[in-house]
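# Take this sequence and fold it.
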Amino acid sequence: MKSVRKSGRLWLGAMIAASMVSIGCQQSEPAPSQPVAAGAPAMAAKGCNPYRPNAAAGMVVNALAFPTGDVNSSAILLHTVTPAEARVGQPYSYELHVTNLSTATLQNVNVLASNAANLDVTTSSPEAAKTGGGFNWNLGNIPGCETRVIKVTGRADAVGVSSNCLSVTYNNLLCTTVKITQPALALTKTAPAEVLLCDPIQMILEVKNTGSGTASGVKVMDVLPPGLKTTDGQQNVTADVGDLGPGQSKRVTINVKAERTGSFQNQATSAAAGNLTAQSNTTTTVVRQPKLEIVCTAPERIFIGRDATFSFTVKNSGDAASRDTVLNLPAPAGSSIVSATEGGTVGAGGVAWNLGSLAAGASRTVSVVLKPVGQETLRASATAQGYCATPVTANCVTSVEGIPAVLLEVIDLIDPVEVGGQTTYVITATNQGSVPLENLQIVGMLGAGQDYVSSSGATTATATGKTVTFAPVPALAVGGKAEWRVVIRATAEGDNRFETSLSTQRFAKPIVETESTNQYK
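Take a look at the predicted model:
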C-alpha cells in the first residue's frame, strides 16, 4: 500500500536582552503558524483527553497541530516548552511534547528540527540524529492519545536570537491482508468387533476438520456391505454434516441390523466443497449366533403302572454362547410327573430347566420321570430356547402297554363219583392283568371214563365226542371273570382227568388246567 506523509512546521524561539541568545526560525523565513501563548488552554482531538504540558515559571509553551493546524482535524499536537531567555554560551534545556490526537496508532513518527540559527544541540533524550542542517528524532509508533517527550540541551554562542523550525511527520500504512486457509477432512469409523445376530450394530462416523479454514457442505457416506442394512432397510447412508470450522468435529451414528452371520468389513467416506475428501479406517464386525439342537430319548414301550424316564440333551452347535437358555416340557397328557433332574422346576404346567449360558459346542442333558395313568401312547414334547437362538423342539413317543395275566380255575362239584352218576366241572377265567383279554376261548377235554351231558356259561358250547368247545369271549375286562359249566356222566371207575385249555391273543400258547375226579363202583 502507498504511505502518506503529513508534515508542518512549528517556529521555536524567544526574544531576550542583548546579553542573551534567542531560538527561532531564520529572520528571512516567516513562521508557518501563530504560536500558542503560554497559558493557552489544552488541545485534544475528539476521543482523547485534553493534553497540556506542565511548565515551570519562566518557561514558555507553544503548540501546533499537524498537519492542518486544527486539533479537530489533525493527527499530532506538538508542544514546545522553552525558557523565555538564556545566557550566551551557557547550556539551557527545553522539551518537545509530541501527542497522538487520534485513537489509532501513528506509525514511524519523526520530529525534525531544521533551519537552526545560533543553536548547538549538545544532548537530547532520545538521542537526535543529525540531518544536514538540523536534527531528527525518530519516536517510532505512538499509540492513540499518548504523548512522547523529547528533552533537549542546547547552547547559543552569540547574542541575539537562537532559533530553529520544527516539523512532524508520520507514515501510516493501510495494509490489506487476505487470510489464506486450507481446510482438510479426517474421518474415523468405529464399530463393534463382535455382535450377535439379533443385536443392533451401532456404527459411529466422526468427521473432523483438521485444516486451517472452514470446510463447507460436509457430508459423510457409507455403503454397507451385503448382509448389513440400516434399521429402516437402507444399504447406502448419506448424512449432511454442514460446515465445520478448524478443529471442529461432528459425529454421525448409524444403527445397523445384520441379516445373517459372518464377517463384515466396511469403510466410509466424507466430502466437502472444494473437492475435499477423506476415507475412514476399515472396520470389521463379526456377527455370530448360537444354534440349539435338542434330542429326546425315551423307552420304546412301558407297562401300565411302571415309571418312564425321558431324557433331553440340548446342544449349542452355533459359534456364540446361548445366554439364558431354558428348556420347557409341558406336562404330557395321560401321565403325572414324578421327578426332574438337573434342577428342573416342576409346576402345574410341566417342568422348566434353567440351563444358563451354554457355550458354543457345549451340551446339557436333563431327565424327567413320568408315570402313565392309562394304557395309551405317551407323548412328550420339549422346547429349548436362548437369547438370539431359534427355539427348537424335540418329541418323544412311548407306548404304554398293559401286562396280560389270567387265572384259570377248574373244580369238580362232586368227587368221588359213582359210576353211572354225574358231576359238574366249573371253569372260571379271571383277568388278573392290566389289559383286556381279547377272544378268550375255553376248550374242555373229558376223561376216558366220562361222557358229555350238558354245558352252560358265559358262551355257548359245541360238544364233539369228548371235546367241548365254547364260543370265544370277545373281551374280558381287567379284573373281569367268566364262568362255564360242563356236566359229565361217569362211565367207568378210576382216576379220570378233565383237562381245560384257555387261549387268547395275549398269549402265544394256551393255558392248560386239569381237574382229577375219582370214579368208583
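
# switch to C-alpha atoms for all contacts and neighbour counts from now on
Noted.

# immediately after the worst-scoring helix or strand of the chain on mean pLDDT, which helix or strand?
Averaged element by element with mean pLDDT, DSSP states H and E, the chain has its least confident helix or strand at strand 20-21 (a mean of 25). Proceeding N to C from strand 20-21, the next assigned helix or strand is strand 59-66, under DSSP states H and E.

# Point me to the helix or strand that includes the residue nearest to the spatial centre of the chain.
Geometric centre of the chain, nearest residue: Gln202, 5.3 Å, by Cα atoms, centre = their mean. Counting by DSSP H and E, the element that carries Gln202 is strand 201-209.

# neighbouring contacts of whichever helix or strand comes after that strand?
Moving toward the C-terminus from strand 201-209, the first helix or strand encountered (DSSP H and E) is strand 215-223. With Cα atoms under 8 Å, 6 or more residues apart in numbering as the test, strand 215-223 has contacts from 183-185, 205, 207, 209, 235-246, 266-273.

# what's the closest non-adjacent residue to the residue nearest to the centre of the chain?
Asn255 (4.8 Å; Cα to Cα, 6 or more residues apart in numbering).

# secondary structure element for that neighbour?
Using DSSP H and E, Asn255 sits within strand 249-258.

# how about the following helix or strand past that strand: buried residues?
Using DSSP H and E, the helix or strand that follows strand 249-258 in sequence is strand 262-266. Along strand 262-266, these residues count as buried under the neighbour rule (16 or more other Cα atoms under 10 Å): 264, 266.

# would you put the C-alpha positions of strand 262-266 in CSV?
What follows is strand 262-266, C-alpha atoms only, in CSV (Å, rounded to 0.1, in the frame of the first residue of the first chain):
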residue,chain,number,x,y,z
GLY,A,262,-20.5,-63.8,9.0
SER,A,263,-17.6,-61.3,9.0
PHE,A,264,-18.4,-57.8,7.5
GLN,A,265,-15.7,-55.2,6.5
ASN,A,266,-16.7,-51.6,5.8
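
# So what angle separates the directions of that strand and strand 249-258?
150 degrees (axes from the mean of the first three to the mean of the last three Cα atoms, to 10 degrees).

# So which elements touch strand 262-266?
With contacts taken as 3 or more Cα pairs under 8 Å, 6 or more residues apart in numbering; DSSP states H and E, strand 262-266 sits against strand 283-288.

# From the contact counts, what lies against the strand it packs on?
strand 194-196, strand 262-266.

# Partner strands of the first one and their direction?
Right, the one you point to is strand 194-196. strand 283-288 (parallel) (DSSP bridges).

# following the partner strand, which helix or strand comes up?
Criterion used, DSSP H and E; the element after strand 283-288 is strand 292-297.

# Please point out which parts of stretch 355-362 sit buried.
Across stretch 355-362, burial judged by 16+ other Cα under 10 Å covers 355, 357-360.

# Same question for stretch 381-392.
Neighbour-count burial for stretch 381-392, counted by 16+ other Cα under 10 Å, picks out 381-389, 391-392.

# okay, the angle between the strand holding Gln202 and strand 283-288?
Using the same axes, to 10 degrees: strand 201-209 against strand 283-288 is 170 degrees.

# Direction included, what does strand 201-209 pair up with?
Here strand 201-209 is paired, per DSSP bridges, with strand 185-190 (antiparallel), strand 249-258 (antiparallel).

# and among the ones you listed, the most buried is which?
strand 185-190 (a mean of 21; mean count of other Cα atoms under 10 Å).

# Now that strand: average pLDDT?
The average pLDDT within strand 185-190 is 97.

# and the gap between Val121 and Val195?
91 Å (Cα to Cα, to the nearest Å).

# again, but for Lys257
With Cα to Cα as the criterion, Lys257 and Val195 are 10 Å apart.

# Thr313 versus Glu293, what's the distance?
Shown here: Glu293 relative to Thr313, a distance of 8 Å by Cα to Cα.

# what bridges to Ser455?
In this entry, Ser455 is beta-bridged to Val486, by DSSP bridges.

# what about Thr467, neighbour count?
18 (other Cα atoms under 10 Å).

# Tell me who's in contact with the residue nearest to it when sequence neighbours are not counted.
Nearest residue to Thr467 in three dimensions, chain neighbours excluded: Met445, at 4.8 Å (Cα to Cα, 6+ apart). Contact analysis of Met445 by Cα under 8 Å, 6+ apart lists 466-468, 498-500.

# hang on, the earlier thing: and the helices and strands packed on strand 283-288: which comes nearest Asn49?
Asn49 lies closest to strand 262-266 among those, at 69.1 Å (Cα to Cα).

# Between strand 215-223 and that closest one, find me the angle.
Here strand 262-266 runs at an angle of 160 degrees relative to strand 215-223 (the same axes, to 10 degrees).

# Give the pairing partners of strand 262-266; include direction for each.
Strand pairing for strand 262-266, using DSSP bridges, gives strand 283-288 (antiparallel).

# got the contact list for the partner strand?
If you take Cα under 8 Å, 6+ apart as the criterion, strand 283-288 is touched by 189-197, 258, 260-267, 318-320.

# same deal with stretch 353-371?
Identification of contacts with stretch 353-371 by Cα under 8 Å, 6+ apart yields 290, 305-328, 335-345.

# Can you tell me which of those end up in strands?
If you go by DSSP state E, these have 308-316, 322-328, 335-340, 345 in strands.

# circling back: which one of the buried residues of stretch 381-392 sits closest to Val435?
Nearest to Val435 among those: Ser381, at 26.6 Å, using Cα to Cα.
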